[in-house]
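Asker: Got a predicted structure plus its sequence, pasted below:
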Amino acid sequence: MKTYGLILLAFVGASCPVAAQLNCSTQVRPVKPATAVHCADTTLLCLCEPTGTNCHWDWACQPRSIAEPPAPQVTNPFGVLVEAQREAIRIRIERDRLKVQNAQAEAIRAKEPDEAPDKTADAYNGRYWARFPEAMKTGFIAGFAEAMRFSVEPEKFRFKGTVGDLVKSLDAYYGRQDDLGMPIWIAIRVVKLERDGASELEIEAAMDEYGRRVTPAK
């Protein structure tokens, strides 16, 4: 069988005039064969010479439609270069910003020891106490109480209550102070006197006594 890769309507209009169709009408139509793989279908046509003679029936192939491949994506190398430069500039700006931020933070931390020292007369004070977590406060008081057992004035720091009670009393004492520069050991003496029921005059006298110890001589 002959196979013709032409579109059906164009082929019929150009190659099969009405007279040729009539010439094929007297011939036996062939049985439709199996459709070839590359054909969508086969169509029966009347094929003749240009003069309209020698006509016969034949099956013609209807070609499959072939989708056009997508256009390739063309990358603009100049655009890629511009984007890379922008990203590099953004990274550099962010890095410089972090450097300035870190430098400012370091400057603030460097000033803190002078502006708000943790010690007064070489003794830890309320600022140091305020930063303690609860467990460290308990350990500090337990160690202080143990050391006071061997001091020359153990009775002046012997607190009536538990370690936890003394921690709470110190928290309350520093919580009502405008200046946290009072050394912890003097604050312990004050809250002990308050718990013992000492008068304000007795407490002031004790603070004056210990104040003289921590105030540098002129």
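Answerer: Ah, there it is.

Asker: Going by C-alpha atoms from here, please, whenever you check contacts or count neighbours.
Answerer: OK.

Asker: how's this protein carved up into domains?
Answerer: The record's domain parsing of the chain by automatic domain parsing lists 8-63, 79-115, 119-214.

Asker: want to try CSV for the ones you listed, with mean pLDDT and mean neighbour count as columns?
Answerer: Formatted as CSV, the domains of the chain follow (pLDDT from 0 to 100; neighbours: other CA atoms under 10 Å):
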stretch, mean pLDDT, mean neighbour count
domain 8-63, 72, 15
domain 79-115, 77, 11
domain 119-214, 86, 15
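
Asker: Quick one: the strands in this protein, in order.
Answerer: All strands of the chain, identified by DSSP state E, fall at 39-47, 56-63, 119-120, 123-124.

Asker: quick one: contacts of the third one?
Answerer: Outside strand 119-120, the residues within contact range by CA atoms under 8 Å, 6 or more residues apart in numbering are 125, 128, 181, 182, 183, 214.

Asker: 7 Å - rerun?
Answerer: 125, 181, 183 (CA atoms under 7 Å, 6 or more residues apart in numbering).

Asker: from the chain's centre, how far out does that strand sit?
Answerer: Centre-to-centre, strand 119-120 and its host chain are 42 Å apart (CA atoms, centre = their mean, to the nearest Å).

Asker: what's the nearest residue to residue 57 if we skip its chain neighbours?
Answerer: Ranked by CA to CA, 6 or more residues apart in numbering and with sequence neighbours excluded, the top spatial neighbour of residue 57 is residue 46, at 4.6 Å.

Asker: The longest helix along the chain - contacts with which helices or strands?
Answerer: Taking DSSP state H as the criterion, the chain has its longest helix at helix 77-115. The helices and strands touching helix 77-115, judged by 3 or more CA pairs under 7 Å, 6 or more residues apart in numbering; DSSP states H and E, number zero.

Asker: shouldn't the residue nearest to residue 57 be in contact with residue 52?
Answerer: No. Residue 46 is beyond contact range of residue 52, at 10.4 Å (criterion: CA atoms under 7 Å).
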